[in-house]
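Chemist: following is a predicted model, sequence given first.
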Amino acid sequence: MGEYAIEIESLVKKFDNLTAVNGVNLKIKKGEIFGLLGPNGAGKSTTLNMILGLLEPTSGRIFVNGTDMHKNPLAARNEIGIVTQETVVEPELTAEQNLMIFGRLYHIPPQELKKSIDFALQLADLTSFRNAYAGTFSGGMKRRLEVSKSLMHAPQILLLDEPTTGLDVQNRTQIWNLLRDINKKQNVTILMTTQYLEEADQLCDRIGIIDHGKLIALGTPAELKQKIGVSSVIEISADKADLPRVAEVFKKVGLEPKILTNKVVAPGGSAATKKIEMLVKELSAHKIDIHNISLHEPTIDDVFLKLTGSEVRDATGEYVSNRGSFGMGRGR
Amino acid sequence: MGLLGDTYTLLLREMLIFKKNIGVNVVRTLIFPLLFIILLGSFGSSPKNVPVAVVNYDNGPVSLNFLNLLQQGNGISVVYETTQQQAMALLSQGTVVGVIVIPSGLSQSVSGSDIYVYLDNSQPESAEVVSDDVNLAAAKIGAQTTLDGVPGDPSLISVIVDYAYGASSNYLSFVIGGLLVMVAAFGSVFSSGFTFLSDRQLGNLKAFLVTPINEFSFLLSKIIYGTFQSFFSAFLGLVIGLLYGATIAAGAIGFLELMWIIFLVGLGFSSLAIALASRTKQLQTYALVGQTITMPLAFLGGAFVPITLLPSFLLPVATVNPLTYAVNAVRDIMIKGSLPLSTLLSTSAILLVFTGTMMAIAFLLFRNTSKQM
């Protein structure tokens, strides 16, 4: 048994005239939580789908626990649990029935099925909702059911495609705790995609940043923050119309500003507090109203900004952190 | 666990969902046949130019007068045959709806001669037109008319109207036979295909395909579920039809034969539905395509209008349409009173070949698209 749970070698996927994944090399260590971070359309889900054997790579190879995914997809699938982007618990079935169907599809022997179901319900903290229909569950409960469903066949690797998209903060924290639990107590390697920077920052042992189908950075959150060589970040938010004027003020005090959707940011440098003082003075001299001013340590947000030159965005270029839930709770 | 075990699991899922929504399912299933039976069952139209074969052994003034009177309207179009045998052969083929036999010597011995009229009551609408026109013409030459082959007063000319098939039939039985076939076809297209697409759109299909199952078990479970749904719909439709006044002339065995035909239609059209759904991503597109295919097939299969009334350029379509054979078999059972073994076998064979072809297409398309989600 090797050191790596998943090995990806020069993976390429082309759709008609679009190269979704463009030569990705990546090794996921056993026992780690790895986050694949990137905007919508960066190639995260495409990469995941190829690991699952749902998509045929144009070129490149994928090994799951040393098994070539292409040559032996069924064996590789048995090692993997998957939580897809859509919440796919069946609303018309009870929690127990949902688990039973998937337990059977994963070919769990009938005599062990009940034990697996009990275990999964316990893991999801849904034991008292055993006979309740999944359609009546909250978004967080559905996600928990889905995560535990994907662990019924005791896989060594769990893949999650944006597991907390559309969840509120409380439910998100619950899912994080559940994932940490699974990772530590059952020693399951986790590979997840996310577009939430704080999620990658807080949950993942290592992060790979992917943009336009290419892996552009790889390392622990701390390493990545160090890599951008910025010790602090100054951030001022203001009305959109005022942002260019705010940026002018930044330049005036010797900073290199970048205008984002609703704020202006710049590396603070060594004399950051001094710069803030100057900024405030200049801003009030120019009578520019601002909403907020802050000085903070660099976050993955800043790493991302530095590396890609843009915020995490969706396909239309809009900021995505606030987008609503989708694919949830729809019946048939 | 191989293909069958996985299929069973996926089918179990469909049935659990079906059971949870049993109320909605029954109501949804009932609405369609109920509306059609009420609307079409009480609907009457008068076909024109109904083909009738005439065998005139008399060729005297009375018979010519009678035939002239018959052809005054545009209800009947007459084909002359030289022998009664030839005419009756046309009747049993369904080429003509009625046969009129005029005995020799009718014009000489006016009284006591009987004109025989045989009607194909498996096409009740057309048969009624013929019988009305015959009655009218008979009254004008001063003849009496009797029904069901009963001889009349020997002192007068009798026009004896007889039905070719035993059961007393009406447009209702005619329509319900066609309707059952259509409900079975529609039930398949709108259950298996729809759940297929919603499973694809909601991500269920992907979730199934990442498990170590045989990928074809998904298709198979959908086909079986669709067959079950359409069978269920058609069965409810038949019950409503029988309560509303339709009859199955072939009795208990006919009932079983009917269910068998309906089962095969469901199987074939579920396979067709899955073949269509394998290549479709949008529910709306699927609904449109499904309707565009099923509705014309039902009409061209003679579900509501006898095929004899179709314009000739549509006849080739009717010939290759599997529903034509299913509808004919169902009419044989419900109206004619018996289904010849050869018809049962040939209809079954046609529907099974149709099923096999559609399944093969579905499996091929699915194999090619499942990797491209």
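Modeler: Structure's in. What do you need?
Chemist: and the residue nearest to the spatial centre of chain B, what does it touch?
Modeler: Ranked by distance to the mean C-alpha position of chain B (Cα atoms, centre = their mean), the top residue is B:Val327 at 2.5 Å. Going by Cβ atoms under 8 Å, 6 or more residues apart in numbering or on different chains, B:Val327 touches B:Gly177, B:Gly178, B:Val181, B:Gly301, B:Gly302, B:Ala303. Glycine gets a C-beta too; all of them are placed from N, C-alpha and C.
Chemist: of those, closest to chain A?
Modeler: Nearest to chain A, judged by Cβ to the nearest Cβ, of these is B:Val181 at 26.8 Å.
Chemist: tell me if B:Val79 really is in a strand.
Modeler: Yes. Inclusion of B:Val79 in a strand is indicated when DSSP: H, G, I helix; E, B strand; the rest coil is applied.
Chemist: number of nearby residues for it?
Modeler: Burial of B:Val79 is recorded as 14 neighbouring residues (other Cβ atoms under 10 Å in any protein chain shown).
Chemist: please identify the helix or strand for the closest residue to it other than its chain neighbours.
Modeler: Closest residue in space to B:Val79, ignoring its immediate chain neighbours: B:Ala53 at 5.0 Å, by Cβ to Cβ, 6 or more residues apart in numbering or on different chains. B:Ala53 is part of strand B:50-56, with elements assigned from DSSP states H and E.
Chemist: which neighbouring elements make contact with that strand?
Modeler: In terms of contacts (3 or more Cβ pairs under 8 Å, 6 or more residues apart in numbering or on different chains; DSSP states H and E), strand B:50-56 is packed against helix B:61-70, strand B:76-80, helix B:84-93, strand B:98-102, helix B:124-140.
Chemist: quick check, pLDDT for the residue nearest to the centre of chain B.
Modeler: As predicted, B:Val327 sits at a pLDDT of 91.
Chemist: how about A:Arg323?
Modeler: In the prediction, the pLDDT value recorded for A:Arg323 is 30.
Chemist: so where's chain A shaky on pLDDT?
Modeler: A:1, A:229-230, A:309-332 (pLDDT under 70).
Chemist: most centrally placed residue in it?
Modeler: The centre of chain A sits closest to A:Thr194, judged by Cα atoms, centre = their mean, with a distance of 1.4 Å.
Chemist: ok, back up a step: contact partners for the residue nearest to B:Val79?
Modeler: By Cβ under 8 Å, 6+ apart, the contact set of B:Ala53 is B:Val78, B:Val79, B:Tyr80, B:Glu81, B:Gln86, B:Ala87, B:Leu90, B:Leu91, B:Val96, B:Gly98, B:Val99, B:Ile100.
Chemist: ok, back up a step: for the contacts of B:Val327, work out which two are farthest apart.
Modeler: When the contacts of B:Val327 are compared pair by pair using Cβ to Cβ, the farthest-apart members prove to be B:Gly177 and B:Gly301, with a separation of 11.0 Å.
Chemist: pick out whichever of the two has more residues nearby.
Modeler: More crowded of B:Gly177 and B:Gly301, by other Cβ under 10 Å: B:Gly177, with 29 against 24.
Chemist: what does the stretch 101-250 of chain A have sitting close to chain B?
Modeler: By Cβ under 8 Å from any Cβ of the partner chain, the residues of the stretch 101-250 of chain A that approach chain B are A:Ile101, A:Phe102, A:Arg104, A:Leu105, A:Tyr106, A:His107, A:Tyr133.
Chemist: make CSV out of these and add neighbour count and secondary structure.
Modeler: Listed next are these as CSV, based on neighbours: other Cβ atoms under 10 Å in any protein chain shown; DSSP: H, G, I helix; E, B strand; the rest coil:
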residue, neighbour count, secondary structure
A:Ile101, 20, helix
A:Phe102, 26, helix
A:Arg104, 22, helix
A:Leu105, 24, helix
A:Tyr106, 24, coil
A:His107, 16, coil
A:Tyr133, 17, strand
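Chemist: with those in mind, which one is nearest to B:Gly60?
Modeler: Of all those, the one sitting nearest B:Gly60 is A:Ile101; the distance, using Cβ to Cβ, is 80.4 Å.
Chemist: does B:Ser131 touch B:Tyr118 like I think?
Modeler: No. With contact defined as Cβ atoms under 8 Å, B:Ser131 does not reach B:Tyr118; the gap is 10.9 Å.
Chemist: re earlier: hey, which of the helices and strands packed on strand B:50-56 is tucked in deepest?
Modeler: Mean neighbour counts were compared across the helices and strands packed on strand B:50-56 using mean count of other Cβ atoms under 10 Å in any protein chain shown; the top stretch is strand B:98-102, at a mean of 26.
Chemist: and that one, what's its mean pLDDT?
Modeler: Confidence over strand B:98-102, taken as the mean pLDDT, stands at 87.
Chemist: how about the CA coordinates for it, as PDB?
Modeler: These are the backbone C-alpha positions of strand B:98-102, laid out as PDB (Å, rounded to 0.1, in the frame of the first residue of the first chain):
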ATOM      1  CA  GLY B  98     -71.100  -4.200 -44.800                       C
ATOM      2  CA  VAL B  99     -72.200  -6.800 -47.300                       C
ATOM      3  CA  ILE B 100     -75.600  -6.600 -49.100                       C
ATOM      4  CA  VAL B 101     -76.800  -9.700 -50.800                       C
ATOM      5  CA  ILE B 102     -79.800  -9.400 -53.100                       C
END
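Chemist: quick one, it and strand B:50-56 angle?
Modeler: When axes from the mean of the first three to the mean of the last three Cα atoms, to 10 degrees is applied, the directions of strand B:98-102 and strand B:50-56 differ by 20 degrees.
Chemist: what's the next secondary structure element after strand B:98-102?
Modeler: Tracing the chain C-terminally past strand B:98-102 and defining elements by DSSP H and E, one meets strand B:114-119 next.
Chemist: tell me what that next one is packed against?
Modeler: Here strand B:114-119 touches strand B:98-102, helix B:124-140, strand B:158-163, going by 3+ Cβ pairs under 8 Å, 6+ apart.
Chemist: so which of those is nearest A:Val64?
Modeler: Among the helices and strands packed on strand B:114-119, helix B:124-140 comes nearest to A:Val64, with 66.9 Å by Cβ to Cβ.
Chemist: ok, then the element right after that closest one?
Modeler: Toward the C-terminus, helix B:124-140 is succeeded by strand B:144-146 as the next helix or strand (DSSP H and E).
Chemist: give me the sheet partners of that next one and which way each runs.
Modeler: For strand B:144-146, the paired strands and their directions (DSSP bridges) are strand B:158-163 (parallel).
Chemist: what comes up buried for the helix or strand that the partner strand is followed by?
Modeler: Of the helices and strands lying after strand B:158-163 in sequence (DSSP H and E), the nearest is helix B:171-202. Within helix B:171-202, the residues that count as buried by 16 or more other Cβ atoms under 10 Å in any protein chain shown are B:171-197, B:199-202.
Chemist: run the chain-centre distance for helix B:171-202.
Modeler: Once both centres are worked out by Cα atoms, centre = their mean, to the nearest Å, helix B:171-202 turns out to sit 15 Å from its chain's centre.
Chemist: same question, stretch A:160-172
Modeler: From the chain centre to the centre of stretch A:160-172 is a distance of 9 Å (Cα atoms, centre = their mean).
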